[in-house]
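K.L.:
below are the sequence and a predicted model; questions follow.
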Amino acid sequence: ETTQVAVVGGGPAGLMLSHLLARAGVESIVLEARTHEEIRTTHRAGILEDQAVRLLTETGVDSRVRSLGDEHAGIDLRFAGESHPLDFRELVGATVTLYPQNEVFVDLAAARARDGGDVRFGWTVTALADLETERPRLTCTDAEGAEHEIVADVIVGADGSRSLCRRAVDGAQDYRTSYPFAWFGILAEAEKSAAELIYTNSPHGFALISQRSETVQRMYFQCDPEEDVADWSEDRIWAELQRRVAGADGFELATGPILEKTVLPFRSFVREPLRHGRLLLAGDAGHTVPPTGAKGLNLALADVALLGEALAAWYVDGDARPVDAYSDQALRRIWRAQHFSSWMTAMLHTPPDADPFSIRRALGELETLTSSPGGMQHLAECYTGWPNT
Ligand code: DHB
């Protein structure tokens, strides 16, 4: 079988790329190992930059993000038991939208189905070959276990942080760092505790209070990477979250039954370059950020916005320069997001072996930031996202 662009991975990055290519008249096949149901029920982050919202709405994906998404004009930075609201609209004239990543996936999959896109769930790619030629190919097995070969002009690896596509290339430069903690994430049936997100530094470690709807809430707290969710009863989880957000203002979380608990891994990773011959990487396959600041999905969508345009220029105008420029161009934004995500992580978390000096230093940093309009403006600029340059 042949196609123009073979897209490995049918998460938001792969589906959005296939959608953008179709709009430019370029044919693609999307291969995704998991089922639609598995991806739809995997909870991920929930904050979209304005440009991600525009990408979804202006390319005709669906307006559900406009009707169901919740516009947030800021966040609360809470430390030493005190709240420090940041108003992004006032600081930088921008907002973000709370709309869960699994809903973005549902919308994109529906748009591809509506437009007759070729998206194959349950298809596992097993090997890539001939990446340095003009006819790269891949082998894959379908949901029934039968083997297939697909020959393409270009293969795009949008297959997530454990990317097979990335591992098919040796000799590239990988940059990585690890963290001595993870996040314990919960979904709970409860009322909202706050209208907007609360990012908390506390003597007991980081906590993040987020929302999903009027009746379901999402919260996270820093934990040991080896933490076993089975050791955490509902009472223990609520007590831990409450002591992290506690303060002189008497702030109290609204609690309720816990619907889900998971430990989320934490790491920073970048592969350079994002291209090897006719293989291009996009999204988590090329780079991973820690979740603090919710850049993962936004970066993935920014990658494919660039890549979609670059491949369209190549097919439609015969201009290879944007494809050649893709890796360098995407990496500029990726490194800004790497810096932002690791900065937010360091400022808000307390490593298990932290010395008293570094704990006080982080509080000094938060104090400096929240007492300076320039400091808050910097955070607001990063959080709401940079233009794709
Ligand atoms: C959410 C996750 C994040 O990592 C973040 O920084 C903000 C919000 C969320 O799941 O709602």
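P.N.:
All right, it came through fine.
K.L.:
CA atoms for contacts and neighbours, from now on please.
P.N.:
Will do.
K.L.:
how many neighbours does Arg372 have?
P.N.:
One thing to correct before we go on: residue 372 is Ser, not Arg. 11 (other CA atoms under 10 Å).
K.L.:
hmm, stretch 43-51 touching the ligand?
P.N.:
Yes - using CA under 6 Å from any ligand atom as the criterion, contacts between stretch 43-51 and the ligand involve 44-47.
K.L.:
residues from the chain in reach of the ligand?
P.N.:
So the chain meets the ligand at 44-47, 210-211, 218, 291-294 (CA under 6 Å from any ligand atom).
K.L.:
just the buried ones out of those residues, please.
P.N.:
44-47, 210-211, 218, 291-294 (16 or more other CA atoms under 10 Å).
K.L.:
just the residues of the chain next to the ligand now: which is nearest Gly250?
P.N.:
Ser210 (18.8 Å; CA to CA).
K.L.:
please report phi then psi for the closest one.
P.N.:
For Ser210, the backbone dihedrals (degrees, to the nearest 10) come out as phi -120, psi 180.
K.L.:
mind saving the C-alpha coords of stretch 146-163 as CSV?
P.N.:
Taking C-alpha atoms only, stretch 146-163 is exported to CSV below (Å, rounded to 0.1, in the frame of the first residue of the first chain):
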residue,chain,number,x,y,z
ALA,A,146,-2.1,-9.5,9.9
GLU,A,147,1.1,-7.8,8.7
HIS,A,148,1.1,-4.9,6.2
GLU,A,149,3.6,-2.7,4.5
ILE,A,150,3.0,1.0,3.8
VAL,A,151,5.3,3.0,1.5
ALA,A,152,5.2,6.8,1.7
ASP,A,153,6.9,9.9,0.7
VAL,A,154,7.4,11.0,4.3
ILE,A,155,6.8,9.3,7.6
VAL,A,156,5.8,11.4,10.6
GLY,A,157,6.5,10.0,14.1
ALA,A,158,3.8,11.4,16.4
ASP,A,159,3.8,8.3,18.5
GLY,A,160,4.3,9.8,22.0
SER,A,161,7.0,9.8,24.5
ARG,A,162,7.9,6.1,24.1
SER,A,163,8.2,6.6,20.3
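K.L.:
sorry, back to before: turn the residues of the chain next to the ligand into TSV, including pLDDT, secondary structure and distance to Thr2.
P.N.:
As requested, the residues of the chain next to the ligand are exported to TSV (pLDDT from 0 to 100; DSSP: H, G, I helix; E, B strand; the rest coil; distance: CA to CA, whole Å):
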residue	pLDDT	secondary structure	distance to Thr2
Arg44	89	coil	33
Ala45	89	coil	35
Gly46	88	coil	36
Ile47	97	strand	37
Ser210	98	strand	44
Gln211	97	strand	44
Arg218	98	strand	43
Pro291	97	coil	37
Thr292	97	coil	41
Gly293	96	coil	40
Ala294	96	coil	37
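K.L.:
mind putting those in CSV, distance to Val61 included?
P.N.:
What follows is the residues of the chain next to the ligand, written out as CSV (distance: CA to CA, whole Å):
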residue, distance to Val61
Arg44, 20
Ala45, 20
Gly46, 18
Ile47, 18
Ser210, 25
Gln211, 24
Arg218, 25
Pro291, 25
Thr292, 27
Gly293, 25
Ala294, 22
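K.L.:
widest-spaced pair of the residues of stretch 43-51 next to the ligand?
P.N.:
Farthest pair in the residues of stretch 43-51 next to the ligand (CA to CA) is Arg44 and Ile47. Separation: 9.8 Å.
K.L.:
so what sits against both of these two?
P.N.:
Applying CA atoms under 8 Å, 6 or more residues apart in numbering, one finds that Arg44 and Ile47 are jointly contacted by Pro100.
K.L.:
and Leu131, what is it in contact with?
P.N.:
Contacts of Leu131 by CA under 8 Å, 6+ apart are 137, 276-279.
K.L.:
also Arg243?
P.N.:
His204.
K.L.:
separation between it and the ligand?
P.N.:
20 Å (CA to the nearest ligand atom, to the nearest Å).
K.L.:
Glu227 now?
P.N.:
18 Å.
K.L.:
grab the most central residue of the chain for me.
P.N.:
The residue lying closest to the centre of the chain (CA atoms, centre = their mean) is Gly296, at 2.2 Å.
K.L.:
what about the residue lying closest to that one once chain neighbours are set aside, neighbour count?
P.N.:
In space, and not counting its chain neighbours, Gly296 is closest to Val289: 6.1 Å by CA to CA, 6 or more residues apart in numbering. The number of residues packed near Val289 is 28, by other CA under 10 Å.
K.L.:
what of Ser67?
P.N.:
Ser67 has 8 nearby residues by other CA under 10 Å.
K.L.:
for the residue of the stretch 1-150 of the chain at minimum distance from the ligand, what are its contacts?
P.N.:
Using CA to the nearest ligand atom, the closest approach of the stretch 1-150 of the chain to the ligand is made by Ala45 at 3.4 Å. Residues in contact with Ala45 (CA under 8 Å, 6+ apart) are 100-101, 291, 294, 297.
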